[in-house]
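Q: build me a model:
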Amino acid sequence: MRRKSLLPVTGLLLASLFFSKQSSAQNLLDLQSWIPGQGSTGIFTKAGLDSESTREWGEGPNGKRVVLWKAQPDGNYDADGGWTTTAFGINHNNTYRYMVWIKMTNSFTGTAYLGCGGVLNLAGVADPNPYFWYGKPPKLDRWYLLVGYIHGSGDASTTSYGGIYDGVTGEKVSAMNDFKFPVGATSTNHRSFLFYDRNTDDRLYLYGPRVEVVNGNEPSIAAILGIQNASAEQGYFAGKVGIKTTSPGDYDLAVNGKIRTKEVRVETANWADYVFKKDYKLPTLEQTEKHIKEKGHLPGIPSEAEVKAEGIEVGDMNAKLLKKIEELTLYLIELKKEVKELKTDKLKFTNEIFKRGNLK
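A: Down below sits the predicted model:
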C-alpha cells in the first residue's frame, strides 16, 4: 500500500509551491536565480541602473516573507527598475498566460508595465512594443495581480481576457490587452518594469513573474488569488507539481532541493505496535548478529545502496525504525529481568556462604 503524505505547507514553501514548475502547466520562466542581489540575474536583464533593481526579502502578496524585486528610481526620466527576460521558446499554436504581482508605494509618479515581444494585436497587426498594460494600479501599498494572454496563431477571437486583480478582494478591477502569435513564431519574452519616475522615494515591488501554457491544467485565477490572499488558507493545483524539476514522475510533489517547514504530517499503515503482541516472535540477538555479519545492516532496514538508489518513504521508514526501538525495548526488559535474577541468585549464594561460615 502506497503511503500518502499530507503536508501543511507554510512560510517559504507555500510561496515556492505557487511559483513551482508543473509537468503540464510549468512556469516557462526560470526563477532559480531569484535571490537577493542587484541588477540582472539569470534570464532577467535589468531595466535601468543596477541600483534601480534590487532583489530583497520582504512581505509578499500572501503575507509571507519572500524575495521581491524592488524598482527604485534614481530621479531621471527613463527606466527605473524591473526586467526584460531573454527569449524563451513557444509553440505559436498555443495560448500562453502571463502574470506578475505588483505593488506601488509612496506616489503614482511613475508608470508600471507588463509586456511581451514578437506578437500581433488581436486585429492581426504587428506590435513592435507590446504591453498588456501600463499605468498606475488603483491604490498605493496594495498588491495587484496582472494577468495577460497571448492567443495562439489560429485563434480568431478578438476578445481580451486579461485583467488586473485586487490581491485582497480578488476582484477584477481593470481589463488589459491580449495579443496573438504570428504563424511561425518560435519565441517571446516577459517584460515588467517601472518607467519615468522622478520621485526617488517611490518604489514598485514586483513578485512572481510567470508564463505558462493555457491547456486546462494550469491553476485557475481564483486559486492563484486564494494562495496569495492573506485571508485565504488553501490553494489548488490540478496537476503534478515540481519545484526545480520539470519531471515529478510518479510523485504529486517533487522537490529538487531543500525543504523548510514548521510541520510535516505523514499518514502510514502497519504501525509497529504489533511487536508488543504476545504472538510476536522476537528475533534472538544471535540471529540479529548473524544477519549483520552477512548483510551489513539490520534486518528489515534497507541497505545504504538501496537508500542511495531509491531513497526512503518517510512514513514506512519511521515504522521500521519504531519496530527496532520496540524490539530493543523488549531486549532491555528481558535483560533487566536476567540481571535481577542474577542479583537475586548472587544474594542467595552470599547469604548461604555467610550462614555456613557462622556455623563453623
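
Q: low-confidence stretches in the stretch 201-350 of the chain?
A: 227-240, 246 (pLDDT under 70).

Q: show me where it has strands.
A: Ranges of strands in the stretch 201-350 of the chain, per DSSP state E, counting those that start in this stretch, are 203-213, 241-243, 253-255, 265-266.

Q: mind listing the strands the longest one pairs with, and their directions?
A: Which is strand 203-213. strand 65-71 (antiparallel), strand 96-105 (antiparallel) (DSSP bridges).

Q: repeat for the second one
A: When pairing is defined by DSSP bridges, strand 241-243 lines up against strand 21-22 (antiparallel), strand 253-255 (parallel).

Q: so how far is the last one off the chain centroid?
A: Between the mean C-alpha point of strand 253-255 and the mean C-alpha point of its chain there is a distance of 8 Å (Cα atoms, centre = their mean, to the nearest Å).

Q: repeat that for stretch 200-210.
A: On Cα atoms, centre = their mean, the centre of stretch 200-210 falls 21 Å from the chain's centre.

Q: I'd like to know which of the strands paired with strand 203-213 lies nearest to L204.
A: Among the strands paired with strand 203-213, the nearest to L204 by Cβ to Cβ is strand 65-71 (4.1 Å). Where C-beta positions appear, they are placed from N, C-alpha and C, glycine not excepted.

Q: got the buried residues for that closest one?
A: V66, V67, L68, W69, K70, A71 (16 or more other Cβ atoms under 10 Å).

Q: farthest pair within the residues you listed?
A: V66 and A71 (16.2 Å).

Q: surely S53 and T45 touch.
A: No: using Cβ atoms under 8 Å, S53 is not in contact with T45; the gap is 9.5 Å.

Q: neighbour-wise, which of these two wins?
A: Ranked by neighbour count (other Cβ atoms under 10 Å), S53 and T45 place S53 first, with 28 against 16.

Q: got the phi and psi for that one?
A: S53 adopts backbone torsions of phi -130, psi 100, taken as degrees, to the nearest 10.

Q: identify the bridge partners of it.
A: Here S53 sits in beta bridges with A71, going by DSSP bridges.

Q: contacting residues around it?
A: Q38, G39, S40, K46, A47, W69, K70, A71, Q72, G81, G82, W83 (Cβ atoms under 8 Å, 6 or more residues apart in numbering).

Q: so which of these wins on neighbours?
A: A71 (30 neighbours).

Q: what is the burial count for S51?
A: Other residues near S51 come to 13 when the count uses other Cβ under 10 Å.

Q: follow-up on the earlier one: who touches both of S53 and T45?
A: Counting by Cβ under 8 Å, 6+ apart, the residues touching both S53 and T45 are W83.

Q: most tightly packed of the strands of the stretch 201-350 of the chain?
A: For the strands of the stretch 201-350 of the chain, the largest average neighbour count (mean count of other Cβ atoms under 10 Å) is found in strand 203-213, namely a mean of 23.

Q: tabulate the CA atom coordinates of that strand in CSV.
A: Only the C-alpha atoms of strand 203-213 are listed here, as CSV (Å, rounded to 0.1, in the frame of the first residue of the first chain):
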residue,chain,number,x,y,z
ARG,A,203,9.1,52.1,-5.1
LEU,A,204,7.5,49.5,-7.3
TYR,A,205,7.7,46.0,-5.9
LEU,A,206,7.3,43.0,-8.3
TYR,A,207,6.8,39.4,-7.4
GLY,A,208,6.3,36.0,-9.0
PRO,A,209,6.6,36.6,-12.8
ARG,A,210,5.1,33.6,-14.6
VAL,A,211,4.4,32.4,-18.1
GLU,A,212,2.5,29.1,-18.8
VAL,A,213,0.6,27.3,-21.5
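
Q: distance of the residue nearest to E310 when sequence neighbours are not counted relative to E326?
A: Distances taken as Cβ to Cβ, 6 or more residues apart in numbering place P302 nearest to E310, at 7.6 Å, with adjacent residues excluded. P302 is 19 Å from E326, where distance means Cβ to Cβ, to the nearest Å.

Q: how close does D30 get to K346?
A: For D30 relative to K346 (Cβ to Cβ), the value is 73 Å.

Q: nope, Q287 is what I was after
A: From Q287 across to K346, the span is 29 Å (Cβ to Cβ).

Q: hmm, Y149 is touching T95, no?
A: Yes: with contact taken as Cβ under 8 Å, Y149 and T95 are classed as touching, separated by 6.1 Å.

Q: so V214 is in contact with N94, correct?
A: Yes: if you go by Cβ under 8 Å, V214 and N94 touch, sitting 7.2 Å apart.

Q: overlap in contacts of these two?
A: Joint contacts of V214 and N94 (Cβ under 8 Å, 6+ apart) do not exist.
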